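*Asks:* Starting from these lines, generate the structure:
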Amino acid sequence: MPISSLHENEDNIREDMGDLEFLAEQIKQFGVQQPLTVYPHPQIEDDYIVRDGNRRYLASLKAQITEVPCIVKPATDRDQVADVDMAMTTGRTHKRTSDAEVSHGIQRYFDLGQDVTTIGKKAKMSRKEVLTRAKVAQRNDGLSKAYTSGRLGLDAVQRLQDLEDQSGVAGLYERSLERIEDMPNGASVETVERVIAETEASIRRDERKAELEAAEAIEGNYEMTYGNAWAKVEDEMSDQEHVKAGHRYYFAYRDAEPTWYAKEKKVKPELSEAEKLEKQTQAKLNSMLSIVSRTRRAFITEAFQSTKADEAFAKQAIAEQIFENIRYDEDGREVLGEIIGLPVPEVDAENPGSVEAREQWSGRVTNHLSRFTLANLGRMLAFSSLIRAEEALGKLKGFERSQYEGKNFRGAWIRTSEYYLFLMEQLGYELDLDEVEAMQYSAAKEPQRNRELDLVEVPDDACQSCGTEPFEPTGATICTGCAAAEGEDD
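*Replies:* Reported below is the predicted structural model:
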């Protein structure tokens, strides 16, 4: 059939069609191997809507194919529920549907009049999961985004949904969700419960503070809780009675109710003349030193901007910091010793002199470093802060990736990638083939990693034909099963 007569199914639950470029290249070479299933368009004569094969249809457009094989179903066969069934089923055997797409499919069933029991049987889900997913699909707020991104499990989402429906505390759901959204690693249902409890206490505390402010009560500080000047009030009194007695209140961490304190009544002893003179001296110095501090800071600013720096001092300062960076790192000490031509003496427990030799080595390091140029010292300073990454790179585990890589989570790969970038950009290092393969292998094992942190080109993480999990050999783009099937088609 001419591809110009076909139309994408607007009821398709997919939001992400995946990588169509590879599929388009396959279609250019081999054509469409599996026919599309279509039925007549209800409004446009001689045109058709794609029931099954929307990805093949879109990829064929990219490949500029003019005709595609189709199986035409009569208009009487058109069934929107069956269309959703098809999308929900093929999404599990071909390109996987995301959590968001599955939830969209669940809501689509409801829109088409399906009941929760029928939907649960089709999707193989409990009644509670069906209702939770449908509710998530109806909205586009922080809760649904956290769920579809995998940062919240189903139990955690259900707990927050129950909180929204049942909470009698104004703002509790919104404030709890706001805190959970800021958690880069997501939250378990136990964490959600803790956040809800803490947020509820915080709201109650805010309400009590407002009541106390209205009663003109005076808030104290943390020093009252441990000093001798104030004592805790043990008697039960109303807010008005506390205020009248001159008491002050303080909220301990997470407490929703304040603790009241009364000023201790102590008879001040008479000061001697020497004590009076000492207090006068202290008061004078305190008042003057604050003025001197401002003058001193102005001098420092002016001096840094106008005084020529002492290069020898700068070298010594940088050298000392370099040594501090590697002081407790065995690999760092060894590499630095090789760089400056001062190998690290080995420590032998049975030879007391070896310990003394190591200590002498530490004292000589900064002197040797000071002989380098400032530019080279600056480069070594940066290197010494990254060298700890070297220790893990002798094993594949040192190349592991995480789905939480980013600005808010500095995992091991963040440090490793910074180390490699330094080596390549500052020292002209070229990656070994085994290092490239280790990076590709570990990246492919974590499809949800931050791809901006990839240092080498990484093949797609899943088979681009059927969407299975990562597979061997590393570097392939389709799994062995699909490759064998293509060979049979040829």
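*Asks:* and the gap between Glu359 and Met237?
*Replies:* Glu359 is 65 Å from Met237, where distance means CB to CB, to the nearest Å. C-beta here means a position set from N, CA and C on the backbone, and glycine is covered the same way.
*Asks:* Compare those two (neighbour count), which wins?
*Replies:* Using other CB atoms under 10 Å as the criterion, Glu359 and Met237 rank with Met237 on top: 14 against 11.
*Asks:* Any figure for the gap between the more buried one and Trp260?
*Replies:* Applying CB to CB, the value for Met237 to Trp260 is 7 Å.
*Asks:* what's the answer for Ile414, then?
*Replies:* Taking CB to CB, one finds Ile414 at 48 Å from Trp260.
*Asks:* Just the mean pLDDT for the helix or strand encompassing Val50, thanks.
*Replies:* Assessed by DSSP states H and E, Val50 sits inside strand 48-52. Per-residue pLDDT over strand 48-52 has a mean of 86.
*Asks:* I would like the residues contacting it, please.
*Replies:* 1, 5-9, 36-42, 57, 70, 72-73, 78, 83, 86, 90 (CB atoms under 8 Å, 6 or more residues apart in numbering).
*Asks:* What strands flank that strand, and is each parallel or antiparallel?
*Replies:* Using DSSP bridges, the strands paired with strand 48-52 are strand 6-7 (parallel), strand 36-40 (antiparallel).
*Asks:* Dump these into JSON lines; add distance to Ser290 and mean pLDDT as well.
*Replies:* What follows is the strands paired with strand 48-52, written out as JSON lines (distance: least, CB to CB, whole Å; pLDDT from 0 to 100):
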{"stretch": "strand 6-7", "distance to Ser290": "77", "mean pLDDT": "92"}
{"stretch": "strand 36-40", "distance to Ser290": "81", "mean pLDDT": "88"}
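*Asks:* Show me the one of those strands that comes nearest Arg208.
*Replies:* Nearest to Arg208 among those is strand 6-7 (61.6 Å), distances taken as CB to CB.
*Asks:* which strands and helices sit next to whatever helix or strand comes next after the closest one?
*Replies:* Moving toward the C-terminus from strand 6-7, the next helix or strand (DSSP H and E) is helix 20-30. In terms of contacts (3 or more CB pairs under 8 Å, 6 or more residues apart in numbering; DSSP states H and E), helix 20-30 is packed against helix 54-62.
*Asks:* Would you mind finding the longest helix in this structure?
*Replies:* The single longest helix within the chain, with elements called by DSSP state H, is helix 273-306.
*Asks:* How far away from the center of its chain is that helix?
*Replies:* On the basis of CA atoms, centre = their mean, to the nearest Å, helix 273-306 is displaced by 46 Å from the centre of the chain it belongs to.
*Asks:* quick one: average confidence on it?
*Replies:* Per-residue pLDDT over helix 273-306 has a mean of 83.
*Asks:* of the contacts of strand 48-52, buried ones?
*Replies:* Buried members of the contacts of strand 48-52, scored by 16 or more other CB atoms under 10 Å, are 6-7, 9, 36-41, 57, 70, 73, 83, 86, 90.
*Asks:* Now name the helix or strand holding Ile71.
*Replies:* Element membership of Ile71, judged by DSSP H and E, is strand 70-72.
*Asks:* what packs against that strand?
*Replies:* strand 36-40.
*Asks:* can you give me the offset of the strand it packs on from its chain's centre?
*Replies:* In this view, strand 36-40 has its centroid 43 Å away from the chain centroid, taken as CA atoms, centre = their mean.
*Asks:* Using PDB, list the CA coordinates for it.
*Replies:* The C-alpha trace of strand 36-40 is given here as PDB (Å, rounded to 0.1, in the frame of the first residue of the first chain):
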ATOM      1  CA  LEU A  36       1.600  -3.500   9.300                       C
ATOM      2  CA  THR A  37      -1.900  -4.100  10.400                       C
ATOM      3  CA  VAL A  38      -4.300  -1.300   9.300                       C
ATOM      4  CA  TYR A  39      -8.000  -0.600   9.100                       C
ATOM      5  CA  PRO A  40     -10.000   2.100   7.000                       C
END
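*Asks:* Other residues contacting stretch 373-388?
*Replies:* Contacting residues not belonging to stretch 373-388 are listed as 311, 314-315, 318-319, 321-322, 325-326, 329, 331-332, 335-336, 339, 369, 372, 415, 418-419, 422, 426 [CB under 8 Å, 6+ apart].
*Asks:* ditto for stretch 155-173
*Replies:* Identification of contacts with stretch 155-173 by CB under 8 Å, 6+ apart yields 128, 132, 135-136, 143, 146-147, 152, 176-177, 180, 187-189, 191-193, 196, 199-200, 203-204.
*Asks:* Kindly report the same for stretch 254-266.
*Replies:* Applying CB under 8 Å, 6+ apart, the contact partners of stretch 254-266 are 198, 200-202, 204-205, 208, 212, 220, 224-225, 228-233, 237, 242, 245-252.
*Asks:* And it, what's buried?
*Replies:* Neighbour-count burial for stretch 254-266 flags 258, 260-262 (criterion: 16+ other CB under 10 Å).
*Asks:* Helices - which of those land there?
*Replies:* Applying DSSP H to those, no entry is found in helices.
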